[in-house]
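Colleague: Pasting the sequence and the predicted coordinates here, then a few questions.
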Amino acid sequence: MSRGTSAVVIGGGISGLATAALLARDGYSVTLLEKRENVGGRAGLSENSGFRFDTGPSWYLMPEVFDHFYRSLGTTAAEQLDLVRLDPAYRVFFEGRTDPVTVAASKEENVALFESIENGAGAKLERYLDSAAVTYEIAKKRFLYTTFESFLPLLRRDVLRRTKLLVRLLTESLDSFTSRFFRDERLKQILGYPAVFLGSSPFTTPSMYHLMSHLDLVDGVLYPRGGFTTIIDSIAALARSEGVDIRTNATVTSIDTAPTASARKPSVTGVTWTNATGDTQRLTADIVVSTADLHHSETQLLPRALQTYPEKYWRSKTAGPSAVLVSLGVRGTLPQLPHHSLFFTSDWKHNFEQIFTEPTSVPFPASLYVCKPSASDSSVAPEGTENLFILVPVPADVTIGGRADATVQAIADRALTQVAEWADVPDLAERIVVREVTGPADFASDLNAWKGTALGPAHILTQSAFFRAGNVSKKVDGLFYAGGSSIPGIGLPMCLISAELVIKRLRGDLSTEAMPTPLFPTQTVVPARDAGAAS
Ligand SMILES: Cc1cc2nc3c(=O)[nH]c(=O)nc-3n(C[C@H](O)[C@H](O)[C@H](O)COP(=O)(O)OP(=O)(O)OC[C@H]3O[C@@H](n4cnc5c(N)ncnc54)[C@H](O)[C@@H]3O)c2cc1C
């Protein structure tokens with residue numbers, strides 16, 4: 001279906017940049033508007049005293065999804081990024097124990113590791129990972145690259161043959177599933193933790209997501225040298241080379257529409273936005289794709305009558321966790337910590353309940369995550385220092401505060417003490433030379449994040465696959481969505497897929513598989529029209 005040729009993309013995170021690049025390649029004339037000074041969104045960068053802090057993603061998973069995206073634009077991940085494989089993949093510190101578990105980069109070593117912890121667990125891990133591999137392949141082939149505009153293409157032999165299994169994987173929790181394989185709590189925690197990548201808890205996320213263990217325990221964990229903003233920079237450069245006009249300090253204040261004589265829905269006409277000096281501008285376009293958090297796009301940028309997902313919809317939805325992020329420059333070396341470390345508490349279940357179940361509270365001690373990219377990349381910290389990033393998951397609740405609030409600084413202090421004690425770095429606090437902290441209220445004010453969530457709507461069953469918000473407005477013709485809050489969901493690879501799903505939706509492509517690469521244009525370019533200052 002052809003919808004004209006000019007497009008405005010709202011938001012310059014990975015989804016906005018990727019969508020803009022693909023639309024431009026498809027022949028649209030694209031303008032991207034990003035409210036912040038720099039693009040990247042949640043995949044942000046902070047530079048301070050010679051340290052380069054990635055303020056968001058740090059796990060490069062599903063490498064073939066990145067590569068497919070780059071191939072759509074006529075290049076490859078290998079051409080665009082300097083990827084290194086992390087070995088070990090990560091280390092796990094357990095509360096009350098002095099023997100952390102180090103997860104290796106290969107399946108064979110991880111099978112041996114599990115066997116060394118629990119008799120018989122090696123063979124069980126092999127079975128678990130076989131199941132994870134099959135489920136991952138089905139997900140990629142049938143559930144991730146579809147807009148769910150039609151369910152017919154899903155009725156394929158490989159899906160139908162596994163209907164019973166898929167129903168069980170959707171209705172049983174990840175924690176219950178792993179408990180059927182393993183007794184040792186540490187092993188169950190290692191296999192349950194990937195739920196957090198999906199903004200969820202192993203106790204509520206469907207066991208379908210055990211496929212995630214294929215990613216970290218079999219495929220291994222990669223890191224783009226130079227940091228995660230090299231991904232953002234490469235996609236922004238590709239978007240520009242496809243002709244995208246990227247404008248920063250450009251805050252969209254409304255998605256504009258006009259009634260159409262023939263259609264029952266109004267059509268999008270463009271957006272109203274303000275620039276750095278606060279001047280109001282209008283930009284007309286045939287289509288608008290918003291990649292800002294869906295809650296913001298719908299409830300703040302559209303009038304109530306044109307909202308597909310009004311406040312009422314959000315009242316019954318579960319937000320993924322927010323986070324207190326602590327970026328640290330640390331004098332000297334930290335051999336106790338590899339590139340990735342996880343810290344798991346003994347009251348694992350209660351920790352998740354505190355984050356997700358009302359009345360929520362901030363867990364302490366917390367199951368938290370520490371990244372030390374300077375383990376693999378000398379460009380992120382001055383010589384003789386380490387770059388450390390602590391992520392403490394907390395409830396999606398802006399009243400916890402932001403960087404300027406004592407509560408958030410106290411959460412950061414407690415996390416530091418916990419890491420120092422558990423990893424046996426007693427002088428950690430005294431060695432800190434740079435410290436930056438972010439809290440839930442910052443996610444809300446910096447990014448317009450719903451409830452200050454760091455990730456988006458949690459991947460519980462009722463917010464996954466076809467239950468997740470779709471990528472097209474039901475009330476406004478020509479308005480589309482991409483990004484972590486719509487299909488397929490949270491995480492950089494998912495966001496890249498969401499960009500492709502916009503192209504599929506525009507083309508009426510109902511297929512469930514990734515599109516052939518490179519992407520061939522279907523449109524003829526007509527420039528977007530700047531309507532100048534609004535009256
Ligand atoms: C701390 C943290 C750790 C993470 N770890 C990982 C990881 O290890 N691996 C992984 O794959 N993923 C990870 N993620 C998730 C991943 O970063 C996100 O899923 C992804 O970056 C979301 O991209 P997006 O483009 O959908 O949204 P965003 O990055 O939020 O981009 C939306 C953009 O829209 C802009 N915007 C909002 N409102 C407006 C407006 N009115 N006008 C103009 N612009 C607007 C915002 O400023 C923002 O730049 C992590 C996220 C966080 C926060």
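Modeller: Right, received. Where do you want to start?
Colleague: and the helix or strand containing residue 501, is it in reach of the ligand?
Modeller: Residue 501 belongs to helix 492-507 when assigned by DSSP states H and E. Yes. On the criterion C-beta under 6 Å from any ligand atom, helix 492-507 is in touch with the ligand at 492, 495. Every residue, glycine included, has its C-beta placed from N, CA and C.
Colleague: so what does that helix touch, helix or strand wise?
Modeller: helix 14-25, helix 63-72, strand 479-481 (3 or more C-beta pairs under 8 Å, 6 or more residues apart in numbering; DSSP states H and E).
Colleague: Out of those, which one sits most buried?
Modeller: Among the helices and strands packed on helix 492-507, ranked by average contacts under mean count of other C-beta atoms under 10 Å, first place goes to helix 14-25 (a mean of 30).
Colleague: and that one, what other elements does it pack with?
Modeller: strand 6-10, strand 29-33, helix 63-72, helix 229-241, strand 287-290, helix 492-507.
Colleague: Helix, strand, or coil at the nearest residue to residue 356 once chain neighbours are set aside?
Modeller: Distances taken as C-beta to C-beta, 6 or more residues apart in numbering put residue 201 closest to residue 356, at 5.5 Å, once the chain neighbours are dropped. Following DSSP: H, G, I helix; E, B strand; the rest coil, the label given to residue 201 is coil.
Colleague: any idea how far residue 201 lies from residue 250?
Modeller: Going from residue 201 to residue 250 by C-beta to C-beta, to the nearest Å gives 37 Å.
Colleague: So the two - more neighbours on which side?
Modeller: Between residue 201 and residue 250, counted using other C-beta atoms under 10 Å, residue 201 has the larger neighbour count: 28 against 21.
Colleague: Tell me which of the helices and strands packed on helix 492-507 sits nearest to residue 265.
Modeller: Minimum separation from residue 265 across those (C-beta to C-beta) falls at strand 479-481, 9.4 Å.
Colleague: Check which helices and strands the closest one is in contact with.
Modeller: Using 3+ C-beta pairs under 8 Å, 6+ apart, strand 479-481 sits against strand 287-290, helix 492-507.
Colleague: Render the CA-only coordinates of the last one in CSV, please.
Modeller: As requested, C-alpha coordinates have been extracted for helix 492-507 and formatted as CSV (Å, rounded to 0.1, in the frame of the first residue of the first chain):
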residue,chain,number,x,y,z
LEU,A,492,18.4,-3.3,20.9
PRO,A,493,17.8,-6.3,18.5
MET,A,494,14.1,-6.1,19.1
CYS,A,495,14.1,-2.4,18.4
LEU,A,496,15.9,-3.0,15.1
ILE,A,497,13.2,-5.5,14.2
SER,A,498,10.5,-3.0,15.2
ALA,A,499,12.0,-0.7,12.5
GLU,A,500,11.7,-3.4,9.9
LEU,A,501,8.1,-4.0,11.0
VAL,A,502,7.2,-0.4,10.1
ILE,A,503,8.3,-1.1,6.5
LYS,A,504,6.4,-4.4,6.5
ARG,A,505,3.3,-2.6,7.8
LEU,A,506,3.6,0.1,5.1
ARG,A,507,4.0,-2.5,2.4
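Colleague: Name the residues of it that are buried.
Modeller: Across helix 492-507, burial judged by 16 or more other C-beta atoms under 10 Å covers 492-507.
Colleague: Spit out the contact partners of residue 31.
Modeller: 6, 7, 8, 9, 244, 245, 247, 283, 285, 528 (C-beta atoms under 8 Å, 6 or more residues apart in numbering).
Colleague: ditto for residue 48
Modeller: 327, 329, 434, 436.
Colleague: Give me the subset of those residues lying in strands.
Modeller: If you go by DSSP state E, the contacts of residue 48 have 327, 329, 434, 436 in strands.
Colleague: farthest pair in the residues you listed?
Modeller: Once C-beta to C-beta is applied, the ones in strands among the contacts of residue 48 give 329 and 436 as the farthest pair, at 9.1 Å.
Colleague: Flag every residue of the protein that's near the ligand.
Modeller: 10-16, 33-36, 41-43, 56-59, 251-252, 291-292, 296, 323, 325, 391, 447-448, 454-455, 483-484, 490-492, 495.
Colleague: So how do I select the buried members of those in PyMOL?
Modeller: Applying 16+ other C-beta under 10 Å to those, the buried members can be selected in PyMOL as follows:
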select buried, resi 10+11+12+13+14+15+16+33+34+35+36+41+42+43+56+57+58+59+251+252+291+292+296+323+325+391+447+448+454+455+483+484+490+491+492+495
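Colleague: hmm, back to that, put together a markdown table for the helices and strands packed on strand 479-481, with mean pLDDT and distance to residue 25 on each row.
Modeller: Shown next, in a markdown table, are these (pLDDT from 0 to 100; distance: least, C-beta to C-beta, whole Å):
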| stretch | mean pLDDT | distance to residue 25 |
| --- | --- | --- |
| strand 287-290 | 98 | 14 |
| helix 492-507 | 97 | 9 |
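Colleague: Could you list the domains of the chain?
Modeller: Structural domains assigned to the chain are 6-44+56-80+228-316+457-507, 107-216, 319-450, following the TED database.
Colleague: That'll do, ta.
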